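Undergrad: below is the sequence, then the predicted model.
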Amino acid sequence: MDALLKFITCGSVDNGKSTLIGHMLHDAKLIFADQERTLELESRVGSRDGDIDYSLLLDGLMAEREQGITIDVAYRYFTTENRSFIVADTPGHEEYTRNMAVGASFADLAVILVDANQGVLTQTRRHTRICSLMGIKHFVFAINKMDLINYEKRKYDKIRKNINVLLAEFDYKSAAMIPVSATEGDNITTHSSRMRWYKGETLLAYLENIDVKKDPAETGFTMPVQRVCRPNHLFRGFQGQIESGQVSVGDRITVLPSGETAAVASIHQGFDEVQTSSVGRAVTIRLDTEIDVSRGCVLVRDAAEEINTLFAATLLWMDDEKLVEGKNYLLKIGTQKIQATVMSIRYKIDVNSGEEVYADAIYKNEIARCELATASKIVFDRFEKNNALGSLILIDRVSHMTSACGVVEHSMTRGDNLTWNDMDITREFRENLLGQTARTIWFTGLSGAGKSSLANELEKRLAAMGKHTMLLDGDNVRMGLNKNLGFREHDRIENIRRIAEVSKLMNDAGLIVLTSFISPFIHDRRRAREIIGDDFIEVYVSTPLEECERRDVKGLYQKARSGKLDNFTGITSPYEPPEHPDAVIDTSEGTLEECVERLLQQLEGLL
């Protein structure tokens, strides 16, 4: 049995999580005299008519005390004669589910509170599912507020049956159901004289005795490299925490994803040099050979980790913005950080029934199974086998907020079969043959701004200069390559992605590509730039809305204003102007020929 138990308390709003832990600390004499006196004084202005409000020991934010709810995760460290504990008291409100998930990510056991008056609620199911998703295998269901139902065994038994039905969906190792009263202290540290029918342990006794030691699924040595240590020219070490197995001086290890091998020359724990180190230790490892190792690499021995660009994952979506297919994020697994795209949403998981439900978008606090693709090969593993290399977060590339957390389910085999083939005829060869530098000139602006006309005229000028070009027009592409796409958000994202990929291929052929698309959103154009690379030239056709609407060749603006056309850019959907375009042209300020002349002047040196 581990000497330290890390556990989380969770449950629905006002189920008494903070009160339960506060009462436990108080009754077990784990608070100082001045804390107890402060608690008594602050309780006089609380919501219990002067009785001690034990939740004040954990709810520290002013907003928490004013509203009587937990908002942020509160960590408490305490020790009894039998064990040491770290508890994360987490919020129950659905709005703060992301905070609850953070607390669950560190815990070995979950104490889930269930209101005896209300029974198993949607939030109870959600929290149980999230705890299971985060790898928690040990559960305690504290059936609280037994004092409000007169300590009736019949109601307790009914809730117990419902919990057993809920647990049938999950893979767990232990589950206890303890009837308690957080306010009165029943069955928290001492047995209740009002529930003599309950013969099990008190909550504190159960937590002191439960064995949560994990049997490692991965027995080989793995260590994600967090930092390269180079204090002088004679020493080059690789620092990180050993996530599985053990390593000794002389062991031959492999560096992933490169596959290079070397022997361990020395191992350092802090300032001490040791011969062997094992899982959980933070170490510095020095190798006998100078090979390429950097942050994000993984050192392994006798471990079969996955190296791929495609995998399936279960995600808890935490962003206010919905998730749709095709969106690009920063993915963090272990110490690796890389660009990744949500290629498809397989299904979302109904929080109540656990059923797989079709969805083309995922909203805040929903759980979904998705397929992810990374920009290059990364090292990962199934979460159940290696927690460190199987847990992930997605980070918004603009706001840098955590959009999702999740776990790796399995590798996608089709990714194993893909290998980039370098050809003898290179892009540089084709550019030299054509006598030009390949570029993609990306025209963006409102409908009617003059993008197509400007791109068409520019292509004629480039052709006259002896350049080899290709023009991709928005309407033309949608009548062919993108004929199967509609105008919903994920279709629009995929439309831009395909155009960018085609442009890149044409650039590889040595061609100058001109594209004419509204592409109204900054993040879509940023993604196109990421695909195409440094050859991306952004031209903002800044013609004012009034002029675009006056031209209205297709009558689209009129339809949009009359409510007959949804999601029309500039009227019922926003247009986000480029932040730092390479060129800006207003086609209302001169003839088409004059506009092209000004554009060529702005692009001088780029073509």
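TA: Structure's in. What do you need?

Undergrad: and the next helix or strand past the lengthiest helix in the chain?
TA: Using DSSP state H to define each element, the chain has its longest helix at helix 489-508. As assigned by DSSP states H and E, the chain's next helix or strand after helix 489-508 is strand 512-516.

Undergrad: wait, Cys10 sits on Ala104?
TA: Yes: the criterion here is C-beta atoms under 8 Å, and Cys10 meets it with Ala104 at 7.3 Å. Heads up, the C-betas are built off the backbone N, CA and C, glycines and all.

Undergrad: overlap in contacts, those two.
TA: Here Cys10 and Ala104 share the contacting residues Thr90, Ala110, Cys131, scored by C-beta atoms under 8 Å, 6 or more residues apart in numbering.

Undergrad: which members of those are positioned in strands?
TA: Using DSSP state E, the members of the shared contacts of Cys10 and Ala104 that fall in strands are Ala110.

Undergrad: with pLDDT and neighbour count added, can I get the shared contacts of Cys10 and Ala104 in JSON lines?
TA: Listed next are these as JSON lines, based on pLDDT from 0 to 100; neighbours: other C-beta atoms under 10 Å:
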{"residue": "Thr90", "pLDDT": "81", "neighbour count": "29"}
{"residue": "Ala110", "pLDDT": "94", "neighbour count": "28"}
{"residue": "Cys131", "pLDDT": "90", "neighbour count": "26"}
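
Undergrad: which one is Phe235 nearest to, not counting chain neighbours?
TA: Arg286 (6.8 Å; C-beta to C-beta, 6 or more residues apart in numbering).

Undergrad: quick one: pLDDT of that neighbour?
TA: pLDDT, the model's per-residue confidence, is 95 for Arg286.

Undergrad: tell me how many other residues crowd it.
TA: Applying other C-beta atoms under 10 Å, we find 17 residues neighbouring Arg286.

Undergrad: which other helices and strands does the helix or strand hosting it contact?
TA: Following DSSP H and E, one finds Arg286 within strand 282-287. Contacts defined by 3 or more C-beta pairs under 8 Å, 6 or more residues apart in numbering; DSSP states H and E place strand 282-287 against strand 235-241, strand 260-269.

Undergrad: now render these as TSV, adding distance to Leu607 and mean pLDDT.
TA: Compiled in TSV, the helices and strands packed on strand 282-287 are given as follows (distance: least, C-beta to C-beta, whole Å; pLDDT from 0 to 100):
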stretch	distance to Leu607	mean pLDDT
strand 235-241	45	94
strand 260-269	42	95
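
Undergrad: the strand or helix carrying Asn456: which residues count as buried?
TA: Applying DSSP H and E as the criterion places Asn456 in helix 451-464. When neighbours are counted by 16 or more other C-beta atoms under 10 Å, the buried residues of helix 451-464 are found to be Lys451, Ser452, Leu454, Ala455, Glu457, Leu458, Glu459, Leu462.

Undergrad: quick one: the most far-flung residue of the chain relative to its centre from Gly605, how far?
TA: Note on the chain: the largest separation between a C-alpha and the mean C-alpha position, by C-alpha atoms, centre = their mean, falls on Ala464 (50.0 Å). Here Ala464 is placed at a distance of 19 Å from Gly605 (C-beta to C-beta, to the nearest Å).

Undergrad: okay, strands next: where are they in the stretch 251-400 of the chain?
TA: Along the stretch 251-400 of the chain, the segments classed as strands by DSSP state E, counting those that start in this stretch run 252-256, 260-269, 272-274, 276-278, 282-287, 298-301, 306-317, 323-324, 328-333, 336-349, 356-357, 361-362, 367-380, 391-395.

Undergrad: so which of those comes closest to Gly16?
TA: strand 306-317 (24.5 Å; C-beta to C-beta).

Undergrad: relative to strand 367-380, how tilted is the closest one?
TA: Between the axis of strand 306-317 and that of strand 367-380 there is an angle of 150 degrees, by axes from the mean of the first three to the mean of the last three C-alpha atoms, to 10 degrees.

Undergrad: quick check: buried residues in strand 306-317?
TA: Using 16+ other C-beta under 10 Å, the residues of strand 306-317 that count as buried are Glu306, Ile307, Asn308, Thr309, Leu310, Phe311, Ala313, Thr314, Leu315, Leu316, Trp317.

Undergrad: ok, so of those, who is nearest Ile362?
TA: Distances from Ile362 to the buried residues of strand 306-317, taken by C-beta to C-beta, are shortest for Trp317, at 4.7 Å.

Undergrad: how near is the nearest residue to the closest one once chain neighbours are set aside to Leu315?
TA: Computed as C-beta to C-beta, 6+ apart, the closest residue to Trp317 that is not its neighbour in sequence is Ile362, at 4.7 Å. In this structure, Ile362 and Leu315 are 7 Å apart, going by C-beta to C-beta.
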